[in-house]
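Visitor: Here's a sequence, model it:
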Amino acid sequence: MKIQRHGAVLGLVTASALLLGACGSDNNTAAGGSTPTSGASAPVECGGKTNLNAEGSSAQKNAVDAFVQAYQAACPGVNVAYNPSGSGAGVKNFNAGQVDFGGSDSALKEGAETEAAAKRCQTNPAWNLPMVFGPVAIGFKVSGVDSLVLDAKTTAAIFSGAVKKWNDPAIKALNGSASLPDKDIAVIYRSDESGTTDNFQKYLKVAGGWTKGDGKQFKGGVGEGKEKSAGVAQAVGSIDGAITYVEWSFAQDNKLSIAKIDAGAGAVELTAESAGKAIDEAKVKGQGNDLVLDLDSIYGTKAAGAYPLLLATYEIVCSKGYDADTAKAVKAFLTVAATTGQAQLAEAGYVPLPKAFQDKILTAVKAIA
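Guide: Predicted coordinates:
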């Protein structure tokens with residue numbers, strides 16, 4: 001199994017304060033002092049089902065590939081069949097009992113989703129376990145333009161159709177003397193239900209005054225839809241004048257230019273270090289072993305040098321309600337994913353779990369029954 005490598009992201013392991021407030025303080029504020037994991041191990045009790053089925057977020061596909069590889073090394077003869085069909089499908093099919101766990105870039109929504117999940121889990125609550133963290137790029141392709149600065153307000157205007165040309169005054173104001181063409185902007189968005197879309201629209205709402213709403217369906221009312229992360233990235237790579245939102249690794253794979261974001265303290269390039277600075281702002285709002293994040297503190301940050309457009313992907317699991325074989329296999333896989341499976345994440349475009357948050361994940365996994 002080949003794991004895609006992106007050497008530029010190795011510095012993401014410096015995001016050592018990631019979510020420490022969730023793990024080490026009562027008020028859920030970030031604090032320093034944790035060391036990121038880079039493949040630390042934990043006791044794994046192999047056994048149970050030899051084939052797990054999972055579905056959901058395409059944003060975490062490369063991470064899951066790394067997890068499966070580590071799982072197979074720890075527990076020979078096992079496999080996880082992961083279908084990167086999108087977060088919406090992952091939630092729906094987990095709640096329908098068609099897969100053993102779901103992957104979603106948004107936590108289960110209180111109400112219909114959590115109620116359906118509890119029913120699927122034999123009247124027990126499902127838990128949202130954020131296992132994969134990664135930045136979202138605003139990827140574009142415009143002939144003659146290699147560097148571009150955007151802020152949340154202008155990005156919101158582009159993706160709602162209010163700004164239609166690359167040489168619009170709003171874009172020019174952020175880019176000084178840059179030569180911007182009199183060319184139509186071709187917006188490309190996710191046509192399938194996507195947690196990436198949900199996070200992107202929430203970012204625009206918090207930071208840019210977006211009034212179109214959020215959720216897993218794109219609500220900007222403009223552009224052309226493409227399925228999955230690979231689909232939008234490939235489309236932008238083939239259209240001069242196109243722009244999209246997509247996970248960093250997919251933007252890199254398709255050689256897209258990536259916009260800098262100005263959140264008020266100057267233009268910030270998407271780098272390992274700038275993503276780490278923003279992640280340090282994260283808080284947790286879930287209770288107990290349900291580790292739901294509150295990302296508004298990241299999206300609205302004005303910290304110097306912080307890149308604010310990030311997402312977390314949850315593995316959605318039953319707290320109780322599995323049969324014994326499934327519970328044992330799910331726990332083994334997630335234990336490996338949270339420990340030795342983290343070793344290759346930085347090279348694949350993600351943020352490895354820091355030690356303090358890894359401990360929180362492992363506590364929840366151990367409690368699955």
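
Visitor: low-scoring pLDDT stretches of the stretch 51-200 of the chain, where are they?
Guide: Regions of the stretch 51-200 of the chain meeting the criterion pLDDT under 70 are absent.

Visitor: any chance you could map the helices in it?
Guide: All helices of the stretch 51-200 of the chain, identified by DSSP state H, counting those that start in this stretch, fall at 61-74, 87-95, 112-120, 152-159, 169-174, 195-208.

Visitor: Quick one: closest of those to Ala369.
Guide: helix 112-120 (14.7 Å; C-beta to C-beta). Heads up, the C-betas are built off the backbone N, CA and C, glycines and all.

Visitor: Enumerate the positions of that closest one that are buried.
Guide: 113-114, 116-118, 120 (16 or more other C-beta atoms under 10 Å).

Visitor: angle of that helix against helix 87-95?
Guide: 30 degrees (axes from the mean of the first three to the mean of the last three C-alpha atoms, to 10 degrees).

Visitor: in the strand ranked longest in the chain, what's buried?
Guide: When the chain is parsed with DSSP state E, its longest strand is strand 126-141. Residues 126-141 are the ones in strand 126-141 that count as buried (16+ other C-beta under 10 Å).

Visitor: Give the single residue among the buried residues of helix 112-120 positioned nearest to Gly195.
Guide: For the buried residues of helix 112-120, the nearest to Gly195 is Glu113 (12.3 Å; C-beta to C-beta).

Visitor: residues near the closest residue to the closest one other than its chain neighbours, how many?
Guide: Of all residues beyond its chain neighbours, the one nearest Glu113 is Val91 (6.1 Å), with distances taken as C-beta to C-beta, 6 or more residues apart in numbering. Neighbour count for Val91, taken as other C-beta atoms under 10 Å: 29.

Visitor: Val91 contacts Phe101, doesn't it?
Guide: No. Val91 is beyond contact range of Phe101, at 10.9 Å (criterion: C-beta atoms under 8 Å).

Visitor: Now list whatever residues contact both of those two.
Guide: Listed as contacting both Val91 and Phe101 by C-beta atoms under 8 Å, 6 or more residues apart in numbering are Ile316.

Visitor: Show me where the stretch 251-369 of the chain has its helices.
Guide: Counting by DSSP H, counting those that start in this stretch, the helices of the stretch 251-369 of the chain are 272-279, 296-299, 324-338, 355-367.

Visitor: got the contact list for the third one?
Guide: Read that as helix 324-338. Residues contacting helix 324-338 (C-beta under 8 Å, 6+ apart): 42-50, 52, 67, 70-71, 74-75, 78, 80, 100-101, 129, 131, 315, 317, 322, 353, 358, 361-362, 365-366, 368-369.

Visitor: What are the buried residues along it?
Guide: For helix 324-338, by 16+ other C-beta under 10 Å, it's 326-338.

Visitor: any idea which of the buried residues of helix 112-120 is the one closest to Thr196?
Guide: Glu113 (17.5 Å).

Visitor: Tell me the spacing between that closest one and Lys331.
Guide: To Lys331, Glu113 is 23 Å away according to C-beta to C-beta, to the nearest Å.

Visitor: what does Lys202 give?
Guide: Distance, Lys202 to Lys331, by C-beta to C-beta: 31 Å.

Visitor: Now that we have the buried residues of helix 112-120, can you turn them into TSV and tack on distance to Asn95?
Guide: TSV is the format used below for the buried residues of helix 112-120 (distance: C-beta to C-beta, whole Å):
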residue	distance to Asn95
Glu113	7
Thr114	9
Ala116	4
Ala117	5
Ala118	9
Arg120	5
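
Visitor: closest to Gly215 among those residues?
Guide: Glu113 (11.5 Å).

Visitor: how near is that closest one to Ala367?
Guide: 21 Å.

Visitor: same check, this time on Phe250
Guide: Taken as C-beta to C-beta, the span from Phe250 to Ala367 is 34 Å.

Visitor: repeat for Asn199
Guide: For Asn199, the distance to Ala367 - C-beta to C-beta - is 27 Å.

Visitor: Comparing the two, which shows the higher neighbour count?
Guide: Asn199 (26 against 13).

Visitor: Gly48: how many residues sit nearby?
Guide: 20.

Visitor: confidence score at the nearest residue to it once chain neighbours are set aside?
Guide: Leaving aside its chain neighbours, Gly48 sits nearest to Lys328 (3.2 Å; criterion: C-beta to C-beta, 6+ apart). pLDDT recorded at Lys328 is 98.

Visitor: Gly300 is in contact with Val206, correct?
Guide: Yes. With contact defined as C-beta under 8 Å, Val206 reaches Gly300; the gap is 4.8 Å.

Visitor: out of those two, which sits in the busier spot?
Guide: Val206 (19 against 16).

Visitor: show me the contacts for the more buried one.
Guide: Applying C-beta under 8 Å, 6+ apart, we find Val206 in contact with 152, 296, 299-300.

Visitor: of those residues, closest to Ile279?
Guide: Using C-beta to C-beta, the contacts of Val206 come closest to Ile279 at Tyr299, 11.9 Å.

Visitor: where does the closest one land on pLDDT?
Guide: Per the predicted model, pLDDT is 94 at Tyr299.
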